[in-house]
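**Student:** okay, predicted coordinates and the sequence, questions at the end:
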Amino acid sequence: MSQLLKIIAFILCGIFLYFAGYAQVNADGTIDTGDKFEKAKLEYLDSAEVVAKRLEWWNDARFGMFIHWGLYAQDGCFWKGQDGRSEHMMRNLQIPIAEYEKIAAKFNPEKFDADEWAQFAKDAGMKYMVITSKHHDGFAMFNSPSNDYNIVKQTPWKRDPIKELNEACKKQGIKFGVYYSLGRDWHHPQCNSNGGRRSNVWDFPEEEKKDYSIYFKEKVKPQITELITQYKPAIIWFDTPELITKEQSSELLGLIRKLDPNCIVNQRVGNKLGDYAVREQKIPKGGEPQSWETCMTISEIWGYHKEDHAWKSADSLVHSLVDIASKGGNFLLNVGPTGEGVIRQPSVELLKEMGEWLKVNGEAVYETTSSPIGKFDWGRCTKKVENGNTTLYFSVFNWPENGELFIPGIKNEIKNSTLLATGTQVKAFATDNGIKIELPNVAANKLASVVKIQVYGIVK
Ligand code: JFZ
């Protein structure tokens with residue numbers, strides 16, 4: 001091979017390695033490329049190992065509390081008697097900023113109790129919490145020295161719920177995270193969106209004159225810096241990246257990695273960056289190529305809407321949690337507290353029921369990985385591997401009338417088979433095509449009953 005061909009081959013190989021992410025990553029997440037420019041550009045690029053390490057606790061956690069709380073909750077997404085339909089009230093009713101700011105002047109959630117909210121999450125079996133620090137209305141629900149449009153400065157309440165919840169979560173051993181609306185901010189004149197479809201065109205109609213980079217520099221970067229330096233959140237949950245450029249996404253991620261390399265960032269930081277993917281209100285069929293999370297409302301609407309009584313059922317929520325875990329994902333279940341700072345009673349009862357189920361059956365969800373044998377019409381399977389042996393948890397949603405379950409395709413020798421809730425033995429034996437399990441007539445739990453099968457060796 002001529003000298004020239006060798007040089008071309010060497011360059012091509014280098015380019016392949018670079019874009020394939022084989023750049024050497026150090027333990028602190030920085031990347032050794034030798035070239036300063038390359039290093040700056042690659043700041044956001046973590047190897048799979050670095051991301052996996054960062055996500056370790058998160059993948060084990062499986063279940064978190066999402067909280068949508070803001071000025072829209074003041075009158076249950078109503079404004080001057082008009083139905084704003086959701087936390088998008090300001091845009092749905094095209095409320096002028098000068099009018100919307102008056103809501104802040106009345107916002108006084110005297111019933112807010114951070115310890116109570118953290119206790120609800122704990123009792124529900126939730127391992128992390130993510131709350132809206134700034135939603136699309138641009139109002140900061142935290143003390144933001146860089147921007148006076150915040151809950152401490154603009155409300156008679158003058159408290160910082162993000163600070164209080166962060167402290168309350170620490171006491172309960174729950175990881176704390178913050179949601180931040182990245183590409184929609186109806187308070188900042190420069191935050192634009194595609195054709196103005198998602199931005200404030202009623203106060204700022206000249207969409208074509210808006211410059212996102214000004215908003216990004218003046219509000220996003222200072223507030224993300226404040227959120228990390230003031231509260232050190234375990235997660236920053238970005239939403240609606242809209243028109244953010246790849247350079248801005250990577251610059252923002254580089255800023256976060258510099259301030260706290262352990263802070264998990266979801267992929268709504270934009271441009272396919274971030275540590276995990278988000279599925280909104282839906283559960284994928286399975287086989288996702290990366291870590292992922294389904295976020296879902298406990299009723300119909302994210303924020304508190306005073307006419308939203310479309311509560312989901314406890315069994316559907318438990319089934320969703322198990323279905324998600326059986327596919328290797330996390331479940332971020334949302335509550336929308338009222339303007340007084342109260343999580344409504346139906347949410348509390350549903351969370352309590354989920355927590356009671358998890359107290360008995362949590363072993364089938366936490367620290368598990370996805371099913372090696374797909375799903376069943378009667379339920380789902382999750383897996384744990386310890387010391388070279390496999391435990392399979394079969395969460396049975398529909399208890400079989402004939403008292404039998406058949407699990408195809410497993411040839412491993414059976415070590416033990418029990419009902420998780422009681423520890424009582426159930427008969428399980430190998431057949432030519434898989435494992436047959438004989439069950440008692442009555443299910444152990446009306447929401448879902450778990451059969452725990454331990455086998456020797458690994459079930460792939
Ligand atoms: C966004 C917000 O607009 C909404 O208010 C809420 O905060 C939710 C969690 O996030 O809603 C979205 C965002 C993305 C999609 C759909 C709804 N999407 O990608 O389909």
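**Tutor:** Nice, thanks for sending it over.
**Student:** could you tell me which residues of this structure lie near the ligand?
**Tutor:** Within reach of the ligand by Cβ under 6 Å from any ligand atom, the chain has these residues: 87-88, 239-240, 280, 295, 302. In this view, the C-beta of every residue, glycine as well, is placed from N, C-alpha and C.
**Student:** which of those are buried? Put it as a PyMOL command.
**Tutor:** For the buried members of these, the matching PyMOL selection, counting by 16 or more other Cβ atoms under 10 Å, is:
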select buried, resi 87+88+239+240+295+302
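**Student:** tell me which two of the residues of the chain next to the ligand sit farthest apart.
**Tutor:** The two members of the residues of the chain next to the ligand with the most space between them (Cβ to Cβ) are 88 and 295, at 16.0 Å.
**Student:** of the residues of the chain next to the ligand, which belong to strands?
**Tutor:** Among the residues of the chain next to the ligand, DSSP state E puts 239, 280, 295 in strands.
**Student:** looking at the residues you listed, spot the one nearest residue 178.
**Tutor:** Closest approach to residue 178 among these (Cβ to Cβ): residue 239, at 10.9 Å.
**Student:** contacting residues around the closest one?
**Tutor:** Residues in contact with residue 239 (Cβ atoms under 8 Å, 6 or more residues apart in numbering) are 135, 179-182, 184, 268.
**Student:** mind giving me the ChimeraX command for buried ones among those residues?
**Tutor:** A single ChimeraX command selects the buried members of the contacts of residue 239 (16+ other Cβ under 10 Å):
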select :135,179,180,181,182,184,268
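**Student:** residue 402: how many residues sit nearby?
**Tutor:** Residue 402 has 7 neighbours, counted by other Cβ atoms under 10 Å.
**Student:** what segments of this protein are helices?
**Tutor:** All helices of the chain, identified by DSSP state H, fall at 3-19, 36-41, 48-54, 56-61, 89-92, 97-104, 114-123, 151-154, 161-172, 212-215, 221-231, 246-259, 314-326, 345-361.
**Student:** any idea how far residue 257 lies from the ligand?
**Tutor:** Using Cβ to the nearest ligand atom, to the nearest Å, one obtains 24 Å as the distance from residue 257 to the ligand.
**Student:** can you give me the distance of that residue to residue 314?
**Tutor:** 40 Å (Cβ to Cβ, to the nearest Å).
**Student:** wait, residue 360 sits on residue 420?
**Tutor:** Yes - in this structure residue 360 lies within contact range of residue 420 using Cβ atoms under 8 Å: 7.3 Å.
**Student:** neighbour count: those two, which is higher?
**Tutor:** residue 420 (20 against 15).
**Student:** OK, contacts around the more buried one?
**Tutor:** By Cβ under 8 Å, 6+ apart, the contact list for residue 420 reads 360-361, 363-364, 393, 444, 449-452.
**Student:** ok, now with 6 Å
**Tutor:** By Cβ atoms under 6 Å, 6 or more residues apart in numbering, the residues touching residue 420 are 361, 450, 452.
**Student:** measure the last one to the ligand for me?
**Tutor:** For residue 452, the distance to the ligand equals 35 Å [Cβ to the nearest ligand atom].
**Student:** okay, the ones in strands among the residues of the chain next to the ligand in CSV with pLDDT next?
**Tutor:** Supplementary listing: these in CSV, determined by pLDDT from 0 to 100:
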residue, pLDDT
239, 98
280, 97
295, 98
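**Student:** out of those, which one sits closest to residue 227?
**Tutor:** residue 239 (13.9 Å).
**Student:** what pairs with that closest one across the strands?
**Tutor:** Beta-bridge pairing for residue 239 (DSSP bridges): residue 181.
**Student:** for residue 234, what are its contacts?
**Tutor:** Contacts of residue 234 (Cβ under 6 Å, 6+ apart): 175, 177.
**Student:** if we go to 10 Å?
**Tutor:** Residue 234 makes contact with 54, 57-58, 61, 128-130, 166, 169, 174-178, 260, 262-264 under the criterion Cβ atoms under 10 Å, 6 or more residues apart in numbering.
**Student:** show me which of these are buried.
**Tutor:** The buried subset of the contacts of residue 234 - by 16+ other Cβ under 10 Å - is 54, 58, 61, 128-130, 166, 169, 174-178, 263-264.
**Student:** wait, which of the residues you listed is closest to residue 435?
**Tutor:** Closest to residue 435, out of all of the buried ones among the contacts of residue 234 and judged by Cβ to Cβ, is residue 61, at 29.6 Å.
**Student:** so that closest one touches residue 368, yeah?
**Tutor:** No - judged on Cβ atoms under 10 Å, residue 61 makes no contact with residue 368 at a distance of 11.2 Å.
**Student:** what about residue 203, how many neighbours?
**Tutor:** Residues lying near residue 203 (other Cβ under 10 Å) number 17.
**Student:** again, but for residue 153
**Tutor:** By the measure other Cβ under 10 Å, the count of residues near residue 153 is 14.
**Student:** for residue 244, give me its contacts.
**Tutor:** Shown in contact with residue 244 (Cβ under 10 Å, 6+ apart): 182-183, 212-213, 215-216, 220, 238, 251-252, 268-271, 273.
**Student:** for those, which one is nearest the ligand?
**Tutor:** Nearest to the ligand out of the contacts of residue 244 is residue 268 (Cβ to the nearest ligand atom; 7.4 Å).
**Student:** list the contacts for the residue in the stretch 1-150 of the chain that the ligand sits nearest to?
**Tutor:** Proximity of the stretch 1-150 of the chain to the ligand (Cβ to the nearest ligand atom) peaks at residue 87, 4.9 Å away. Counting by Cβ under 10 Å, 6+ apart, residue 87 makes contact with 68-73, 77, 132, 135-137, 301-305, 336.
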